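Q: Fold the following, please.
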Amino acid sequence: MTEHRRDRPAGLGFALLAALAFGASGPLARPLIDAGLDPLHVAWLRVTGAALFLLPVALRRRAALRRHPWLLLAYGVFPMAGIQAFYFAALARIPVGVALLLEFLGPVLVLLWLRVVRRRRVSRQAVVGVILAVAGLTLLVEAFTGGGGLDPIGIALALVAAACQAAFFLLSDAGGPDVDPPAVIAYGAIVGSLVLVPIVQPWSLPWELVGGTVDVAGLAMPAPALLAWLCVVSTSVAYLAGVGAVRRLSAPIAGAVAYLEVVTAIALAWLLLGETLSLPQTVGAVVVVLGAFIAQLAVPTESGPNDPALVSPASSGPRVSGVAATDPAAGIPAAVDPAAVNSTAVGSEPSRVTSSPPDPAIGVMRPRTRATPPSEPPAGDTVRTGCPDPAGEDVPR
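A: Sure, this is the predicted structure:
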């Protein structure tokens, strides 16, 4: 317990770093887009720069290519390429805070997918989360006033980014206990960069803009400096800090801290871009975050408790192969169902906890549990029951 408490400040530090770094990506990308760079160009430069920065990580973890090739491909297509491209495309049309809040609807889309497509039952908590998120969305886009001047295409692009985030959450269930989050991040960036090449056509980039200056809050800032920040800090460092956070914190704590990304994005958009939210939008933002948080806690896990035997002394969260079991969308932690904990048979084996790579929007990872059925000894074997017979011999089962 003492070691847990000593590790928690470091975990909170990593979580704050990840939230601040991710939250700064939108406000710092917007000046590049306003200067004339296409949003897809900015997305490709960000992912490609991160791929180059994380190349040493990929080279040291080449085994991931053999174990999970399809997972690496999917992670590159949806979270890395998809979220970045659609999020930045939305930034060109709607405010940063609105775009990010719409993207945070990923957990709600997961629940809708499970209920409508997979026909799985969801809890009342999940229904409450969805209702709150939809109500907050209505206020956020000011639907009651005809959209409040928000570009409907921008809203649609942000919702597609949320769908890509939801796809990541669903794909995370395909991984096994040997999934290595840093490897998935590194190879996902490489795949994402390659996937965007035929779409972006980087040979047509206006390199004079890439090497020039852009206006940020009235100051002329070098565009390469903003791009370097996006590649190194808001992508590579943010993802790795998210991994460091979830290794030291429980999933709910890491997820709660990750929602500071929204606060960071809105605050920086106000300071650097002069963007503000109206009173109804501010109320809607709070309701969206609350609904998304409730929804992501209600996403059903497969089964099983977080048995203390599987908790490393160096972490307050469950770990497998040195990695804490945490989330997408970032990404997003899910609570263990108390009913699953109470239904665990006495003497059964603890659940094996696996983990998925962090959500690129949030930088945290989603827990997934797979229950290991209790092993039964062969018939006639003798087991110690703790209640020997009067003769002193063990009672056969």
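
Q: Measure how buried the nearest residue to residue 164 once chain neighbours are set aside is and give me the count.
A: Once flanking residues are discounted, residue 164 sits nearest to residue 82: 3.5 Å by Cβ to Cβ, 6 or more residues apart in numbering. In this view, the C-beta of every residue, glycine as well, is placed from N, C-alpha and C. Per other Cβ atoms under 10 Å, the neighbour tally for residue 82 reads 23.

Q: Wait, residue 82 touches residue 166, no?
A: No. Checked against Cβ atoms under 8 Å, the pair residue 82 and residue 166 is beyond contact range at 10.7 Å.

Q: where do the helices sit along the stretch 1-150 of the chain?
A: 2-23, 25-34, 39-53, 55-60, 63-67, 69-75, 84-91, 96-103, 106-112, 124-140 (DSSP state H, counting those that start in this stretch).

Q: List the buried residues for the first one?
A: Within helix 2-23, the residues that qualify as buried are 4, 7-8, 11-12, 14-23, counting by 16 or more other Cβ atoms under 10 Å.

Q: What segments of the protein are strands?
A: Assigned by DSSP state E, the chain shows strands spanning 213-216, 219-222, 319-320, 323-324, 352-355, 367-370.

Q: Can you spell out which helices and strands pack onto the first one?
A: Spelled out, that is strand 213-216. Counting contacts by 3 or more Cβ pairs under 8 Å, 6 or more residues apart in numbering; DSSP states H and E, strand 213-216 packs against helix 25-34, strand 219-222, helix 223-228.

Q: Show me what the longest one is in contact with.
A: Going back to what we said before, that points to helix 25-34. 39, 42, 46, 87-88, 91-92, 96, 99-100, 214-216, 221, 223, 226-227, 229-230, 234-235, 238, 265, 268-269, 271-273 (Cβ atoms under 8 Å, 6 or more residues apart in numbering).

Q: Now it - C-alpha only, PDB.
A: Taking C-alpha atoms only, helix 25-34 is exported to PDB below (Å, rounded to 0.1, in the frame of the first residue of the first chain):
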ATOM      1  CA  SER A  25      -3.000  19.900 -30.100                       C
ATOM      2  CA  GLY A  26      -6.100  21.500 -31.500                       C
ATOM      3  CA  PRO A  27      -5.300  25.100 -30.500                       C
ATOM      4  CA  LEU A  28      -1.800  24.800 -31.900                       C
ATOM      5  CA  ALA A  29      -2.900  23.100 -35.100                       C
ATOM      6  CA  ARG A  30      -5.600  25.800 -35.800                       C
ATOM      7  CA  PRO A  31      -3.000  28.600 -36.600                       C
ATOM      8  CA  LEU A  32      -1.300  26.300 -39.100                       C
ATOM      9  CA  ILE A  33      -4.700  25.600 -40.800                       C
ATOM     10  CA  ASP A  34      -5.600  29.300 -40.800                       C
END
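
Q: where does the stretch 101-250 of the chain dip in pLDDT?
A: Along the stretch 101-250 of the chain, segments meeting pLDDT under 70 span 143-148, 172-177, 250.

Q: swap the cut-off to 90 and go again
A: Applying pLDDT under 90 to the stretch 101-250 of the chain picks out residues 104-131, 133-150, 165-181, 239-250.

Q: one step back: next, format the helices of the stretch 1-150 of the chain as TSV and append distance to residue 244.
A: Shown next, in TSV, are these (distance: least, Cβ to Cβ, whole Å):
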stretch	distance to residue 244
helix 2-23	4
helix 25-34	19
helix 39-53	16
helix 55-60	14
helix 63-67	19
helix 69-75	19
helix 84-91	22
helix 96-103	23
helix 106-112	22
helix 124-140	28
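
Q: who wins for proximity to residue 286 among those helices?
A: Nearest to residue 286 among the helices of the stretch 1-150 of the chain is helix 124-140 (7.3 Å), distances taken as Cβ to Cβ.

Q: Now, of the contacts of helix 25-34, which are buried?
A: In the contacts of helix 25-34, burial by neighbour count holds for 39, 42, 46, 87-88, 91-92, 96, 99-100, 214, 216, 221, 223, 226-227, 229-230, 234-235, 238, 265, 268-269, 272-273, counting by 16+ other Cβ under 10 Å.
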